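Peer 1: Sequence first, predicted coordinates after that:
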Amino acid sequence: MRQQIIFDPAQKNFEAYLDFSGGRNTEISNERLRENEFPELLNTDLSGRASFRMRTGRRQLFQVSGNAQGMFWYYDTDNGEPDLIFAVSGKLYVHKSTDADNVYTQIPIEDEEGDPFTFQTTRQVEAVLYRGVMFVATGTKLVEVTRSGSTYSGSVVVPYTPSVMEVIYIGTNGLAPNPDTYIQDGVGQLAVLGIKPAKRFAVKNVSMTFTAYIQKPADVTSIDYKWEKKKSNEDTWEVIQDWSASAKSEAHTFDVDGQFDIRVSARETGTTSPVVGYTLTGYEVKPVDDGLQDASTSGIQTCNRVLLHWDRLLLYGDTSIPYQLYISDLENPRYFPVPNTINFDFGKQEDLTDIIRFQDMLVAFTATTIQTLVNKSPADYQRFLINDTVGCMSPNTACVVGNVVLFRSREGIMRLKPNPYRLETMNVDRVDWQIKSEIPSTGEACAMFIDDQYWICFPAEKAIYRYYFQQNAWVKDASDKLDIRLFLTYGKDVYNQSVTGRIMIHDPSITTDAGTIYPAIFETKYLDLSSSFNNKKLKRLYVLGRHFGHTTDVYVTVYADSAIVLTPDSGHAEVINTGEVVWVATSEPNIHFYNGTVFGTWLMGISPWGNQQLSVQRASVRGKCRRVKVRMEVRDGEFAEIYGFGLEFKYKKV
């Protein structure tokens, strides 16, 4: 950069700064920081104008005291707007679209015996709506919620009972307390209900046990059984066990592999008729044991995460096998075949932290891995490892933003993006380099994508960082009410659930968070006014601002090197009753944008005549310095927008 050597010390110079689009940057040194980036940029909206404008706030709908666990939408074709269902401390509540802000009701839930049911109170819960029924993964048991008229009710899901052939070709229902009890003996007219093999397939030269289940009259005490087999493509049956009262279960070893039909016949002991039977067709005998065993589903009811993908429910969050995913049968959300499980462990035994839909695939995250699951059914699924060192550490922080995925990793806020030249590969890089030291390395977080922005909230810090991904700029929001655990969007409406059960909704007409006033602040870097080595003599500060139907007060501080040459702060000594002298600090705005006035309230020389939308205010500053820094703060809880500021000065000797 060229430095001005010859100058007129009597000439006044002026520099204006009208661009705030660079956002917040706390990582770069002062000399390398761009003039449209700010070390402090708080509670600011950069949308559209790239001006310094106070962000909008949120109003409180209601509060259900307790531990917040989740929010979800219930869509009903009879209503134009969805109802809000939320979970707090082991219970479900509903706020209907027709309810007033502070109205909500508890949804009664019954267990299998019809008794009241509540779920665990510490972990998050999730829900999906499928064909008019909301399925809630409560972390205790899978629950379904339905609406009849204007009344909601819930019940623990009754697991689907598969037929014998469904068990053989699809699998037992892992959602059942004991998946192997899909068929049992009954009472009634003599009939064979089915055959249950010990395993879904047999192995050549390895014994396999088959058990027959029947129904019989209550007064019948003994039944004889006869077992037969044949190759499925043959016609001749071979007896493998003749009539016997002890042959309810039959162990048999196949000497060849292939598809077999197994038939059992039954009759009352001591009689020859009637004879009833049942045939199990197409039972597979494999030449060797391929090692494929049905995964354990003992912890499936502890799953607290759920999503809907291609007419299947997907459950995860099992407390005993936290890296396992359970997939329901097609169009049957109450049937989770035991073989329909996928293990996402790569030797680290890390929890599945998030699974999201991206393009035509699922992206699964653990704390240090990223994996994808492609295709539409368990028979066709393919799993790929994208990254073995970077993953998502916080549930609810992975969001699709444009054509990439943003998420919180242990390293910071990262981006997963497709390779433009090879669509089957992806790349990971970070997007928070401007604020990377501010991102907490521990604690919970939640995120959402709205209005071309990625929002990530850290409830322990009561702070939100918003990323304008088109501008590649960050801003920070902070207030006492930003202890948000979960976001939920519907169109342009954004609902927030705080850790204590408070439900808030964004309101573009206010600048408070549930009644809490927050300040909008920006602070520039130390500006060298285009001459790094020249000394300057400051004369005036000019501020260009907009009116919103009220007087806007701005608290401005100007630093000339380390000296403060303009400040809203003042104070005085005061003697209190005990005779002690204390210092009383005060702070008064020193820049005012007066609203346009009408006759009768017009202030001569102060307020302009008529309704002014935009004006320039100025303040005298006196100081000699090499660099200058400007800080502006709006504290009154009213809309304010600053388009820029300018400094008038003279050059002095180097």
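Peer 2: Arrived safely, thanks for sending.

Peer 1: Now do Gly186: how many residues are near it, please.
Peer 2: The number of residues packed around Gly186, counting by other Cβ atoms under 10 Å, is 11. Placement of C-beta: from N, CA and C, glycine included.

Peer 1: I'd guessed it sits against Pro217; true?
Peer 2: No - counting by Cβ atoms under 8 Å, Gly186 stays clear of Pro217, with 10.8 Å between them.

Peer 1: list the buried ones in stretch 362-375?
Peer 2: With burial defined by 16 or more other Cβ atoms under 10 Å, the residues of stretch 362-375 counted as buried are Leu362, Val363, Ala364, Phe365, Thr366, Ala367, Thr368, Thr369, Ile370, Gln371, Thr372, Leu373.

Peer 1: can you list the residues that contact that stretch?
Peer 2: With Cβ atoms under 8 Å, 6 or more residues apart in numbering as the test, stretch 362-375 has contacts from 309, 314, 323, 325, 342, 344, 346, 348, 350-357, 360-361, 381-393, 398, 405, 407, 410, 416, 426, 428.

Peer 1: Which ChimeraX command selects the buried ones in the residues you listed?
Peer 2: In ChimeraX, a selection of the buried entries from the contacts of stretch 362-375 looks like this (16+ other Cβ under 10 Å):
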select :309,314,323,325,342,344,350,351,352,353,354,355,356,361,386,387,390,391,392,393,398,405,407,416,426,428
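
Peer 1: Can you list the low-confidence ranges for the stretch 1-150 of the chain?
Peer 2: Low-confidence segments of the stretch 1-150 of the chain (pLDDT under 70): 1-6.

Peer 1: In contact with the most centrally placed residue in the chain: list those residues for me.
Peer 2: Within the chain, one residue has its C-alpha closest to the average C-alpha position: by Cα atoms, centre = their mean, that is Asn396, at 2.4 Å. Applying Cβ under 8 Å, 6+ apart, we find Asn396 in contact with Gln124, Asp354, Ala445, Cys446, Ala447, Leu486, Phe487.

Peer 1: need the residues you listed in a markdown table with distance to Val543 and secondary structure, can you?
Peer 2: What follows is the contacts of Asn396, written out as a markdown table (distance: Cβ to Cβ, whole Å; DSSP: H, G, I helix; E, B strand; the rest coil):
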| residue | distance to Val543 | secondary structure |
| --- | --- | --- |
| Gln124 | 46 | coil |
| Asp354 | 45 | strand |
| Ala445 | 36 | coil |
| Cys446 | 37 | strand |
| Ala447 | 35 | strand |
| Leu486 | 39 | strand |
| Phe487 | 35 | strand |
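
Peer 1: Looking at the residues you listed, which is nearest Ser615?
Peer 2: Distance from Ser615 was checked for each of these by Cβ to Cβ. The minimum falls on Phe487, at 37.4 Å.

Peer 1: residues near the residue nearest to Ser320 when sequence neighbours are not counted, how many?
Peer 2: Closest residue in space to Ser320, ignoring its immediate chain neighbours: Gly299 at 3.7 Å, by Cβ to Cβ, 6 or more residues apart in numbering. Other residues within reach of Gly299 by the criterion other Cβ under 10 Å amount to 16.

Peer 1: Run through who's touching the helix or strand where Tyr465 lies.
Peer 2: If you go by DSSP states H and E, Tyr465 is part of strand 463-468. Contact partners of strand 463-468, identified using Cβ under 8 Å, 6+ apart, comprise 23, 46-47, 406, 413, 431-432, 435, 438-439, 452-458, 473-478, 482, 484.

Peer 1: Looking at those, which are in strands?
Peer 2: Assigned to strands by DSSP state E, the following of these qualify: 23, 406, 413, 453-458, 473-478, 484.

Peer 1: Using ChimeraX, make a named selection holding only the buried ones among the residues you listed.
Peer 2: Buried residues among these (16+ other Cβ under 10 Å), as a ChimeraX selection:
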select :23,406,413,453,454,455,456,457,458,473,474,475,476,477,478,484
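
Peer 1: Identify, from the ones in strands among the contacts of strand 463-468, the entry nearest to Glu15.
Peer 2: Comparing those against Glu15 with Cβ to Cβ places Gly23 closest, at 21.0 Å.

Peer 1: Any figure for the gap between the closest one and Gly57?
Peer 2: Here the criterion is Cβ to Cβ, to the nearest Å. By it, Gly23 lies 20 Å from Gly57.

Peer 1: Kindly check the end-to-end length of stretch 114-124 for me.
Peer 2: Looking at stretch 114-124, the gap from its leading to its trailing residue is 25 Å under the measure Cα to Cα, to the nearest Å.

Peer 1: swap that for stretch 266-282, sorry
Peer 2: Taking Cα to Cα as the measure, stretch 266-282 stretches 21 Å from start to finish.

Peer 1: does Phe451 really touch Ser47, like I thought?
Peer 2: Phe isn't right for residue 451; it's Asp. Yes - proximity of Asp451 to Ser47 meets the contact threshold set by Cβ under 8 Å, at 6.8 Å.

Peer 1: what mean pLDDT would you report for stretch 532-552?
Peer 2: Averaging pLDDT along stretch 532-552 yields 86.

Peer 1: And the helices in the chain?
Peer 2: Residue ranges of the helices in the chain, as given by DSSP state H, are 164-169.

Peer 1: how about low-confidence regions in the protein?
Peer 2: For the chain, residues meeting the criterion pLDDT under 70 lie at 1-6, 291-294, 420-425, 549, 596-612, 654.

Peer 1: What residue spans form the domains of it?
Peer 2: Taking automatic domain parsing as the domain assignment, the record places the domains of the chain at 12-54+521-651, 176-286, 347-478.

Peer 1: All set now, cheers.
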